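Engineer: got a predicted model here, sequence first, then my questions.
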Amino acid sequence: MLQAARAGCRDGELGRRAITIFVFMLAIAAFGLVAPSFGTLANIRAIELSSSVLLLASIGATFVILMGSIDLSIGAVASFCGMLVARLSPDLGLWSVPIACVVGLVFGAINGLVYVHLRIPSILVTLGTATTISGAVLFISDGRSLSVSNPAVIDIAQGALAIVVPNAVLISAVIYGAAVLIGDRTRFGRMTLAIGSDEQIAVLMGVRVNAIKVQAFALSGLLAGLAGVLLAARLGSATVTMGSYMTLDTITAVVVGGTAITGGSGNVRLTIIGVPFITTFSDVMNILALPPYLQTIIQGTVILLAVLLNTRRASAEDVK
Amino acid sequence: MNGVAAPIYSMRNASKRFNGIAVVEGIDLDVFPNEIVGIAGENGAGKSTTLKMIAGIHAPNAGSMRLFGKSFRPLSYTHAVEAGISMVFQEQALIPSLAVYENIFLSLEPCFTSRIGIVDRDAMIAVSERHLQNLGLGYIDPRRRTGDYAFHDRQMIEIAKAFALAEHFHIDHPIILLDEPTAAIGEREIKILFESIRRYRRRASFVLITHRLVEYVELCDRICVFKDGRNVGEFAGEEISEQSLHRAMVGRIRDDEYFMETRQLSLVGAPIAISAHGLSGQNVKNVSFEIRKGEVLGIGGLVGCGKEAVARAVVGFEPFPPNGTVELGGEVLPLRGRGKAAIKRGVGFVPKERKSEGIVPYMSVQANMSLASLPLVSSLSGFLSRSRERRLAEKYINRLRVRCNGPTQLCQFLSGGNQQKVVIAKWLARNVQVLVLDNPTRGVDVGGKQEIYSVLRDLAEEGVAILLVTDDLPELIGMSNRILVMRDGELQFECSAPADNKPTEQELVQHMV
Ligand SMILES: Nc1ncnc2c1ncn2[C@@H]1O[C@H](COP(=O)(O)OP(=O)(O)OP(=O)(O)O)[C@@H](O)[C@H]1O
Ligand SMILES: [Mg+2]
């Protein structure tokens, strides 16, 4: 009797995800009818690009959230790294890209180190560093927007190996694949989940919990930096607050995907469900040229709906 | 008393499915006034699920319930409490950051609220205090944080809570559901609890689940045996004995070889695997011992005697008594980072609190089992190999008879005893040299216990040194080569326990109190 279930889906999880995806498809079909320009190649490309950027940042955020922590500096780091590329690329060309990524990694590592060694909750640490880094963006840009004109850098996002698949999509797809592998099949991936569930479990496995935490924040910083770089390359310019939307959008994408905001439940694979939700909806609302306040209202409602559909609410103990 | 009165509670043909899988299929259960009913069955038989249906936590998919002569369909636990049912949960349901009294009356604050909306804390504290005192817990201050108390104290608070709730609604004859109340407490607490149960039964009924069969014999008027979510037998009065229950649950009579004493090694001249010298700290005073390869050293004592702290010191799991040394294979383990050093040298630790220290609920059974031995299930590429992980999990699922839908089922959905088996499997999977176990068979059914004992014997034969800290006296005596008894943090008594000359429970208990 119990064995019969072996064939069935895992605790109904798949079923729930299927519903989410189905609703999403339905919504897209509806958009196609309402907004004729939705289905154009240019628009689909725009969605692909903004999804790639958000996906990268959200992957990093997922590991942090799985541990039960939170990274509020993602937007600031992305802005900083995007600006850095704009600033450095006229002189350094393509080299500005790895430099910006390393800077992102360092920011993330600092977040992690402060969090771990000064024992300050991550939400406060990253709130602080976010503010500092936002200030630093103004510092390196003199508060102005800079254009990114180096064709090699722009190519990173907009160029395309295959005709319809922009490089940005390729990059984020490869990194997503790697992240899934890391999440499922490495000690780091397993331990982030264990730490989020209860740190004592990881301690009892002889794991250096602090090291894992710092690594997760460093990864988040690295990917936020890369997302910032791609964003600047995609827009062809960098503004001081261009990444700030990412902070909340990454968290939303992760949670809509089905990872618990309290940590200990979910995985990075799920995050790909949440990302297109957010990017598609904001795209549609832009196309429809809805007034901004209405956009926010609708977006909030849709996100709530998506969370309702996709998270485990079976047991009350999850809800915090 | 049956037959004379009508049942105050009855469940007819109740079924419960989770995601289409039937867990309980057509259970009947009656509770008569002043009766103590036992529910016995293997891990995963559906016992907790049945109690949760009575307590309004799970709604049955089919079947009917009646309480005090009326149809009963509780929508929530609070609803059931108001109707006269309260429950002690198998996994503690207390919130650590709240004060003890706040936990006891959680969600019942309105009952203590005056007309102008002010909560009468003093009344809540006074009532809590009285119930704690009744259970011999005068030393627990209801104003303190629940999380400050040790695991076994929290278990007693949970029990006090059930009694307090039962009393609070002025129900003439409440029903108190006890789901493995004794799994985490010691002999002394068990005795007090049983006295309270006997006292209360004059105006209440109880439903009891336990995996210590002797407790059924001691307390219950009637026992229903469950198997695979169905009733398979009922015992009353004289028919109740450990033997009959064992047979009904496991299918065969309990043999003398339950602890496999004949497989106990004699260890003359075996090399010393691990030793502790002068362990001291807050609750531990100068404890020294050594364990030879292949030896099972048991430590017994009342809860709070410091035996858990000794186990933690050996494995370096904070917080532990800081003074004294632990030597492993001739090498002294460092004080800082002892846990890591110990694990690296092949020490495994099965902790007492499986919920917070043992399993990751939202991880699959196989991921939990491989958590301590990730290198062993990795392929050459350095990534975990799914097939190896799966094979490892299947091996231990079969070996320990873990009841689950398969290696990929989330641990969250396993029954308590099966989760415990997963925690043990985690360390068995990693080839340990020394295994420290704190109440390893907590919540495991009689058959599963025997599997675990057999595995421990296997390990001993392979030369693994085993430190067994347990509140279960028969287990302590049956399994150990040598037994230490602790009292108030000190070693009080030591005796060897060869297979043919085991000490009696009385001999040990006299040194505990
Ligand atoms: N929420 C749930 N979702 C899916 N399956 C569940 C859920 N709760 C319990 N089960 C399954 O139902 C079965 C019975 O569980 P239950 O907790 O009632 O067992 P039990 O008799 O109390 O066992 P134990 O002695 O180990 O506590 C188990 O096989 C368990 O895996
Ligand atoms: Mg149970």
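Structural biologist: Now that the structure is in, tell me what you want to look at. Ligands and ions are numbered 1, 2, ... in the order given.
Engineer: same for the longest helix along chain B, what does it pack against?
Structural biologist: If you go by DSSP state H, chain B has its longest helix at helix B:151-168. Secondary-structure packing of helix B:151-168 (3 or more C-beta pairs under 8 Å, 6 or more residues apart in numbering or on different chains; DSSP states H and E): strand B:85-88, helix B:100-104, helix B:121-134, strand B:175-179, helix B:187-200. The way it works is simple: take the backbone N, C-alpha and C, and place the C-beta from them, glycine included.
Engineer: how about 6 Å then?
Structural biologist: Judged by 3 or more C-beta pairs under 6 Å, 6 or more residues apart in numbering or on different chains; DSSP states H and E, helix B:151-168 is in contact with strand B:85-88, helix B:100-104, helix B:121-134.
Engineer: show the subsequent helix or strand relative to the lowest-mean-pLDDT helix or strand in chain A.
Structural biologist: For chain A, using mean pLDDT, DSSP states H and E, the weakest element among its helices and strands is helix A:13-34, scoring a mean of 70. Helices and strands here follow DSSP states H and E; after helix A:13-34, the next one along the chain is helix A:41-66.
Engineer: how many other residues sit next to whichever residue of the stretch 51-200 of chain A sits closest to ligand 1?
Structural biologist: Closest contact between the stretch 51-200 of chain A and ligand 1, by C-beta to the nearest ligand atom, is at residue A:197 (17.0 Å). For residue A:197, the count of nearby residues is 26 (other C-beta atoms under 10 Å in any protein chain shown).
Engineer: cool, residue A:174 as well?
Structural biologist: 10.
Engineer: for it, grab phi and psi.
Structural biologist: phi -60, psi -40 (degrees, to the nearest 10).
Engineer: do the same with residue B:500
Structural biologist: phi -100, psi 0.
Engineer: any idea how far it is from ligand 2?
Structural biologist: In this view, residue B:500 and ligand 2 are 37 Å apart by C-beta to the ion, to the nearest Å.
Engineer: and that residue, what pLDDT?
Structural biologist: Residue B:500 carries a pLDDT value of 85.
Engineer: related to what we said a few turns ago, give me the contacts around the longest helix of chain B.
Structural biologist: B:81, B:86, B:88, B:92, B:94, B:100, B:104, B:131-132, B:135, B:137, B:174, B:176, B:181, B:184-185, B:189, B:303, B:353 (C-beta atoms under 6 Å, 6 or more residues apart in numbering or on different chains).
Engineer: narrow those to just the buried residues.
Structural biologist: Using 16 or more other C-beta atoms under 10 Å in any protein chain shown as the burial test, the contacts of helix B:151-168 include B:81, B:86, B:88, B:92, B:94, B:100, B:104, B:131-132, B:135, B:137, B:174, B:176, B:181, B:184-185, B:189, B:303, B:353 as buried.
Engineer: just checking: which of those residues also lie near ligand 1?
Structural biologist: The subset of these lying close to ligand 1, counting by C-beta under 6 Å from any ligand atom, is empty.
Engineer: show me where pLDDT drops low in the stretch 1-150 of chain A?
Structural biologist: A:1-18, A:20 (pLDDT under 70).
Engineer: any chance of the helices and strands packed on helix B:151-168 in a markdown table, plus mean pLDDT and distance to residue A:267?
Structural biologist: As requested, the helices and strands packed on helix B:151-168 are exported to a markdown table (pLDDT from 0 to 100; distance: least, C-beta to C-beta, whole Å):
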| stretch | mean pLDDT | distance to residue A:267 |
| --- | --- | --- |
| strand B:85-88 | 90 | 33 |
| helix B:100-104 | 90 | 33 |
| helix B:121-134 | 89 | 42 |
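Engineer: looking at those, spot the one closest to residue A:222.
Structural biologist: helix B:100-104 (43.1 Å; C-beta to C-beta).
Engineer: and chain A, which of the buried ones among the contacts of helix B:151-168 contact it?
Structural biologist: Applying C-beta under 6 Å from any C-beta of the partner chain to these, one finds that nothing falls near chain A.
Engineer: mind checking the pLDDT average for the longest helix of chain B?
Structural biologist: pLDDT averaged over helix B:151-168 gives 83.
Engineer: what's the angle from that helix to strand B:175-179?
Structural biologist: Here the directions of helix B:151-168 and strand B:175-179 differ by 160 degrees (axes from the mean of the first three to the mean of the last three C-alpha atoms, to 10 degrees).
Engineer: between helix B:151-168 and helix B:187-200, how many degrees?
Structural biologist: Using the same axes, to 10 degrees: helix B:151-168 against helix B:187-200 is 10 degrees.
Engineer: quick one: low-confidence parts of chain B?
Structural biologist: In chain B (pLDDT under 70), the answer is B:1-4, B:252-256.
Engineer: find the closest residue to chain A in it.
Structural biologist: residue B:343 (3.3 Å; C-beta to the nearest C-beta).
Engineer: what sits against residue 184?
Structural biologist: Let's take chain A. Here residue A:184 is in contact with no residue (C-beta under 6 Å, 6+ apart).
Engineer: wait, I meant chain B there
Structural biologist: Applying C-beta under 6 Å, 6+ apart to residue B:184 gives the contacts B:151, B:152, B:155.
Engineer: any idea how far the nearest residue in space to residue B:95 that is not next to it in sequence lies from residue B:162?
Structural biologist: Closest residue to residue B:95 apart from its sequence neighbours, by C-beta to C-beta, 6 or more residues apart in numbering or on different chains: residue B:103 at 6.0 Å. Distance of residue B:103 to residue B:162, given as C-beta to C-beta, to the nearest Å: 12 Å.
Engineer: residues making contact with stretch B:51-58?
Structural biologist: B:16, B:60, B:74, B:76, B:77, B:79, B:80, B:85, B:87, B:177, B:179.
Engineer: give me the buried entries from the residues you listed.
Structural biologist: The buried subset of the contacts of stretch B:51-58 - by 16+ other C-beta under 10 Å - is B:16, B:60, B:74, B:77, B:80, B:85, B:87, B:177, B:179.
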